[in-house]
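Undergrad: Task: produce atomic coordinates for the following.
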Amino acid sequence: MRTPSTKHIGGMAAPTIVGAAVLLGATAFGSRFLGLIRDRLLAGTFGAGVDLDVYYAAFRIPDLIFTFLVLGALSAGFIPFFSKRYAKNPEFAWEFTNNVLHVMGACLVLLSLVGMLFTSQILHLVAPGFSNAALEQGVALSRIMYLSTILLGLSSVFGGVLQGMKRFTLYAIAPLLYNIGIIVGIVVATFMGGGIEIVAWGVVLGSLLHLLIQFIGSLHSGWRYVFVWNWKDRDLRDLLFLMGPRVVGLAISQINLVVMTAIASLLTAGSITIFTFANNIQYVPIGIVGISFAIAAFPTLSEQANRDALSKMRATISATVRNILFLIIPLSVVFLLLRIQIVRVVLGAGVIDWDTTITTAHTLAFFVLSLFAQALIPLLVRVFFAFKNTLAPALIALTSAVINIALALYWSQIYGVIGIAMAFSLASILQLIFLWFFISRKLCGLDESRILQSLITCSVSALLGGLMIQAMKTLYERVIPIDTFFGVLGQGLIAGIAGLIVYLLAAWIWRSPELNALWCSIQRRLFQKYQPSESADSAIETSF
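TA: Have a look, this model is predicted:
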């Protein structure tokens, strides 16, 4: 039996929630930064027009299949089954991994082939406002990007292996390589020609890099390829059973985005691009904070749910919620007050004119109003998963999606693309309320009084930071011109950093426990070696 080296390329296992979240958050920041560079290059090369509208619409179709099959299965149950088998015998875990690889790979290839055959019909539903020429171009792009669906699907299995072993390093690096691949495609299209089709091949390149890095990590963790095809495997059947409602929930989320794209296609030219740009920008803090903490907390929540340790589970949820709010509230203020500077720096290039910049900034503002909800939803959904309940979050997602679509149809006719963002934010807040209500009822409360106290402290501190941002913006304009890229960049950086410093000082004065926990975790991450044998419960105590 092959056992992994303790000093393999994937790094040591991280036993604490905040420790893992710091690593995931840092690499998520790098990935989002590359994503912003990607969007700026796309804006500078193609502008907010038909080409990018076609690219983003074509991207939705392969992404939909990836979400239906891959994320549904892996996020709902692969990690618990893998961990259970690995604890008994690593060879059992590798057998399960190979079985999932073959079954999922076959399903992805089959669905991709079917998708390629019916791309034209599907794309017509996704973007009914496209002309025949745009539709034809979109079909070609989608068929190229179906290859990335297969590659990312296989990569996600290896990513599940790394998460199951709590080896997050290469798992966290993979999205960086994905964006690098797309950027390579954009650069080639810019300097060597080939149009938007070359960018689609860049997506395939990024997907291949995403697969290779996690494939290497799994090899160094002990995995070896063996052909296994066993539909009768009980864990595989249980995984597929859990996958059903989860796929429905994720499908609802993706269909929701597809409908938003369809609504935007009926508005003025460039509306799809504006919506996508604003959505990508607002997702930066969500990915860095919300997703990172949710991924890091999930193994601990699952272990506590299996032991029926509800009091410890309440403590874990409360602490994680407070840490998320401590980070997401000041970021919301920064993104709201510096939205024009952010959009101009990220997208203000090439043929992106001032009117498009302003519209994107206003759209971003309404997205930002629900950042706190969007950052907490991934955590609360995983609480349901820890109880092996994938149906309830799917029904809640369906309810919020119906509300979102109804409001978007109405408000988009009044406010244009901004109305879509307004509907999205309100629906996200309602989704958070529904999730919170059912979880709180099951656990007899979530320590709401302590969370409220932390929320008030964060909000007051963020308000002081916001006042500093506004003051620095005004002072900067009086001293330095802001009619250049570096002028706008400097204004945003100086005002944003000053505001965050004030926020941290205020939190320190009020002795925020979240600030202390975060600082201690960073210190431990930088200066101490973790002990992989540390239990989950002690990890919670040291993290929070």
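Undergrad: where does this structure have low pLDDT?
TA: 1-16, 48, 67-76, 348-352, 523-544 (pLDDT under 70).
Undergrad: can you do 50?
TA: Applying pLDDT under 50 to the chain flags the ranges 1, 3, 5-7, 529-544.
Undergrad: Show me it divided up by domain.
TA: Listed domain ranges for the chain are 12-26+269-544, 50-252 (source: automatic domain parsing).
Undergrad: To I37, which of those lies closest?
TA: domain 50-252 (6.5 Å; Cβ to Cβ). Yep, even glycine has a C-beta here, placed from its N, CA and C like the rest.
Undergrad: Just the terminal-to-terminal distance for the closest one.
TA: End-to-end distance of domain 50-252 (Cα to Cα, to the nearest Å): 27 Å.
Undergrad: And for stretch 224-236?
TA: Termini of stretch 224-236 sit 19 Å apart (Cα to Cα).
Undergrad: hang on, the earlier thing: of all the domains of the chain, which lies closest to I263?
TA: Of all the domains of the chain, domain 12-26+269-544 sits nearest to I263, with 5.4 Å by Cβ to Cβ.
Undergrad: For the domains of the chain, give me a markdown table that also has distance to L41.
TA: Below are those laid out as a markdown table (distance: least, Cβ to Cβ, whole Å):
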| stretch | distance to L41 |
| --- | --- |
| domain 12-26+269-544 | 8 |
| domain 50-252 | 4 |
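Undergrad: Those: which one's closest to R40?
TA: domain 12-26+269-544 (5.3 Å).
Undergrad: now the domains of the chain in CSV, with mean neighbour count?
TA: Compiled in CSV, the domains of the chain are given as follows (neighbours: other Cβ atoms under 10 Å):
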stretch, mean neighbour count
domain 12-26+269-544, 20
domain 50-252, 20
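Undergrad: With respect to R32, which of those domains lies nearest?
TA: Using Cβ to Cβ, these put domain 12-26+269-544 closest to R32, at 4.1 Å.
Undergrad: distance between that closest one and the chain's centre?
TA: Computed by Cα atoms, centre = their mean, to the nearest Å, the separation of domain 12-26+269-544 from the middle of its chain amounts to 11 Å.
Undergrad: start at 9 instead
TA: Noted, 9 is the first residue going forward, which turns the last one into domain 20-34+277-552.
Undergrad: Helix, strand or coil: sort out V468 for me.
TA: Here V468 is recorded as helix under DSSP: H, G, I helix; E, B strand; the rest coil.
Undergrad: Can you tell me how far it is from V342?
TA: Distance of V468 to V342, computed by Cβ to Cβ, to the nearest Å: 16 Å.
Undergrad: Ok, which of the domains of the chain comes nearest D47?
TA: For the domains of the chain, distance to D47 was read as Cβ to Cβ. The smallest value, 5.7 Å, belongs to domain 20-34+277-552.
Undergrad: my guess is I280 contacts A270, does it?
TA: No: contact criterion Cβ atoms under 8 Å: I280 and A270 do not qualify, at 9.2 Å.
Undergrad: shared neighbours, those two?
TA: A135 (Cβ atoms under 8 Å, 6 or more residues apart in numbering).
Undergrad: now the helices for the stretch 309-458 of the chain?
TA: Taking DSSP state H, counting those that start in this stretch as the criterion, the stretch 309-458 of the chain carries its helices at 318-345, 347-355, 362-376, 379-394, 399-423, 425-450, 456-487.
Undergrad: Compile these into JSON lines and extend it with columns for distance to F166.
TA: As requested, the helices of the stretch 309-458 of the chain are exported to JSON lines (distance: least, Cβ to Cβ, whole Å):
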{"stretch": "helix 318-345", "distance to F166": "26"}
{"stretch": "helix 347-355", "distance to F166": "31"}
{"stretch": "helix 362-376", "distance to F166": "32"}
{"stretch": "helix 379-394", "distance to F166": "20"}
{"stretch": "helix 399-423", "distance to F166": "26"}
{"stretch": "helix 425-450", "distance to F166": "30"}
{"stretch": "helix 456-487", "distance to F166": "36"}
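Undergrad: That'll do, ta.
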